[in-house]
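[1] sharing a model prediction with you, sequence too.
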Amino acid sequence: MLVAAAVCPCPPLLVPQVAAGAAPELDAARAACTDALGVLAAARPDLLVVVGPAEPSGRGRHPQGTPGSFRGFGVDVDVRLGPATDAAEGELPTSLAVGAWLLERTGWADAPIEGLGVGEPLATELCVEAGRDIAARAGRVALLVMGDASACRTLKAPGYLDERAAPFDAEVARALGAADVAAVEALDAGLAYELKASGRAPWQVLAGAAAGTGLSGALFYDDAPYGVGYLVATWS
């Protein structure tokens, strides 16, 4: 059963070495993520699953101990999804590597950890089904849900300016902040894709996991640096 969740953005720029001179611009987002992970720790889960968007090579399950790296972004920074194990193989997709970095900086060691990379084409009903399956895997399950809102908030955004982006992000922020399962499940997958919102599928995995739990939500951070919507929220 899902007992807690933290929703965090997944830009590599959260890692200060990647952001370099621009690192202070995301200090508030990092602090919010730290607070959100504190809610997960306080829930004392039996299992923590980190869910995030992934390209085809990174989709599917990633066992505890799977390594990740930010070397592709020009920095010598490596991470690992929890303690090393014999089952670890392959490499984490970027979103889960950011999640692993957040967990390492907070000293997480309270429960077994694994990752799940989900693809943007994954249909809503399959996301919800995946969430239900995760929630049934242990008596007390927590989720760290990685993903960004739209990338179309300004002219300089990765997806350029789209007038639909701000209203979409506002509804996502409201739904996540209220732990509104039905609203998250109802997010328009097609619109999310057009707005380059990488968090849509992971958020809907969360909706599936949280169905019937009655969890309450809190919104910790809502901003759009670089024209990309970054949200931090908790469900507990």
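    That came through fine. From a predicted model like this one, the values you see are computed outputs, not experimental measurements. Numbers count the residues shown, from 1 in each chain.
[2] find the nearest non-adjacent residue to the spatially most central residue of the chain, please.
    For the chain, the residue nearest the mean C-alpha position is residue 146 (0.9 Å; Cα atoms, centre = their mean). Leaving out its chain neighbours, the residue that sits closest to residue 146 by Cβ to Cβ, 6 or more residues apart in numbering is residue 52, at 3.4 Å. Using the backbone N, CA and C atoms, a C-beta is placed for each residue, glycine as well.
[3] I'd guess the one you found is in a helix, am I close?
    No: secondary structure of residue 52 (DSSP: H, G, I helix; E, B strand; the rest coil): strand, not part of a helix.
[4] partners of it in the sheet?
    residue 117 (DSSP bridges).
[5] how many neighbours does it have?
    Using other Cβ atoms under 10 Å, the number of residues around residue 52 comes to 30.
[6] quick one: residues contacting it.
    10, 93, 95-96, 98-99, 115-118, 145-147, 202 (Cβ atoms under 8 Å, 6 or more residues apart in numbering).
[7] and if you look at residue 124?
    Counted by Cβ under 8 Å, 6+ apart, residue 124 has contacts 185, 187, 189, 204.
[8] of those, buried ones?
    185, 187, 189, 204 (16 or more other Cβ atoms under 10 Å).
[9] now the helices for the protein?
    Under the criterion DSSP state H, the chain contains helices at 16-19, 27-42, 94-105, 124-135, 165-177, 181-185, 189-194, 200-210.
[10] just the ones you listed: most buried one?
    helix 200-210 (a mean of 29; mean count of other Cβ atoms under 10 Å).
[11] dump the contacts of residue 52 to TSV, plus distance to residue 231 and pLDDT.
    TSV is the format used below for these (distance: Cβ to Cβ, whole Å; pLDDT from 0 to 100):
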residue	distance to residue 231	pLDDT
10	11	98
93	19	97
95	14	98
96	18	98
98	14	98
99	15	98
115	20	97
116	19	98
117	20	98
118	17	97
145	10	98
146	11	98
147	9	98
202	12	98
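[12] quick check, nearest of the contacts of residue 124 to residue 69?
    Nearest to residue 69 out of the contacts of residue 124 is residue 204 (Cβ to Cβ; 27.9 Å).
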